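Undergrad: give the three-dimensional model of this entry:
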Amino acid sequence: MTTPAEASASIPLSSATVAGTQINFLPLETGRLVLRAFTLEDAVSLHSLINDWRVCRTLAGVAYPYGRDQADAWIDETATQLRSGTGCHVAIAGTEVGRETLVGGVGIRLDRAVREGRLGYWVGWQFWGHGVATEAAGRLARWAMANLEIDRLTATVAIDNPRSIAVLRRIGFRPNGEAMLDFIGRGEQRVVGFTASRDDIFGHAEATALAPLPAGAKPLLLVAACALIDVDGRVLLARRPEGKKMSGLWEFPGGKLAAGETPESALIRELKEELGIDVTTSCLAAFAFASHDYERFHLLMPLYLCRRWRGTPTSVEGQTLAWVRPDKLADYPMPPADKPLIPLLRDFL
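TA: This is a model prediction of the structure:
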């Protein structure tokens, strides 16, 4: 069974799909819903919700009638995909009369070879029209971009499913063409393809001009970054958490300069706020700088080296941390501005 979707019919994965490491998925909450792993106890409700022509007709890979044994098989498949790192398909649960109720499902199939995920979702007919799909699909899309090794998401939806087309647009997806796709339950159908980048999901990073700009000029964003180097010569990278611009990319710790701050002062403050460590100016050595022209601003970022600090670097803001050997730094996806610094740092260390 392919990913069921109130909206999106799924195109088969390329044979080049690469299995990754296990996905450790913890429940995600929204304003009204919980996204959690499926359990065998969900099978009866899953079968009842999907075995409905109004739902099945929107799902490319689901036959109608939908058998009870297929619900068990799908739940087993979702657990297998989490273990193998090839997908993350989870239950959408709500609360009715004080009890948890299965509402639908949402998931992402991963093609690690091209760093892409394919979004699919479905919602039981009785829950349509309440914003469930938008809330659940948007939440999982943001989590996936911030935590999985992907750079973009795709989805497809039958052209006669305007509800789902609206859902994808609301959460940031852009249409990118039409095609024909065979639906098991109702034959060949015209579908719309959608895609979403990290900027589509989280928005573009912005900079604010402190003074009037010349015609055609962009605001200048000043950011200070620090390469913390441990006794084994490894460099600390931090992965931007969900909710921040460029979520999911790895970077050197640091941040924007506040008004009147020097780069050193900004780093001392940021390293305390982000990692819980104390650094002095004398321990910061200017190393290189990045100058990068983004779509909406120009970034200038000095990079400092630091080998001495007080305390143990800890994830204070929910970011994932990794101590990385210099020759492995290029394996971690980074914002465009950071990438030119990698060979300089690798050669120096």
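
Undergrad: below-threshold pLDDT in the stretch 151-300 of the chain: ranges please.
TA: Regions of the stretch 151-300 of the chain meeting the criterion pLDDT under 70 cover residues 204-217.

Undergrad: which residues in it form strands?
TA: Along the stretch 151-300 of the chain, counting by DSSP state E, counting those that start in this stretch, strands occupy 152-158, 174-183, 187-197, 220-228, 235-239, 250-251, 254-256, 285-293, 298-306.

Undergrad: comparing these, which comes out most buried?
TA: Sort the strands of the stretch 151-300 of the chain by mean neighbour count, taking mean count of other C-beta atoms under 10 Å, and strand 152-158 sits at the top with a mean of 24. Where you see a C-beta, it was placed from the backbone N, CA and C, and this is true even at glycine.

Undergrad: in three-state terms, label residue 90 for me.
TA: Going by DSSP: H, G, I helix; E, B strand; the rest coil, the secondary structure assigned to residue 90 is strand.

Undergrad: got the domain ranges for this structure?
TA: With domains defined by automatic domain parsing, the chain comprises 28-202, 220-348.

Undergrad: any chance of TSV for these, columns distance to residue 21?
TA: Below are the domains of the chain laid out as TSV (distance: least, C-beta to C-beta, whole Å):
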stretch	distance to residue 21
domain 28-202	5
domain 220-348	13
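
Undergrad: which of these sits most buried?
TA: Counting by mean count of other C-beta under 10 Å, domain 28-202 has the highest mean neighbour count of the domains of the chain, with a mean of 19.

Undergrad: ends of it, how far apart?
TA: Terminal residues of domain 28-202 lie 17 Å apart, using C-alpha to C-alpha, to the nearest Å.

Undergrad: returning to what we had before: out of the strands of the stretch 151-300 of the chain, flag the one nearest residue 37.
TA: Closest to residue 37 of those is strand 152-158 (C-beta to C-beta; 20.2 Å).

Undergrad: tell me where the longest strand sits in this structure.
TA: Secondary structure of the chain per DSSP state E: the longest strand is strand 99-111.

Undergrad: the residue nearest to the spatial centre of the chain in helix, strand or coil?
TA: For the chain, the residue nearest the mean C-alpha position is residue 145 (1.0 Å; C-alpha atoms, centre = their mean). For residue 145, the assignment made with three-state DSSP gives helix.

Undergrad: what residues are up against it?
TA: 153, 198, 201, 202, 242, 247, 248 (C-beta atoms under 8 Å, 6 or more residues apart in numbering).

Undergrad: swap in 7 Å and give it another go.
TA: Listed by C-beta atoms under 7 Å, 6 or more residues apart in numbering, the contact set of residue 145 reads 198, 201, 202, 247, 248.

Undergrad: just these: which are in helices?
TA: Taking DSSP state H, the ones among these that sit in helices are 198, 201, 202.
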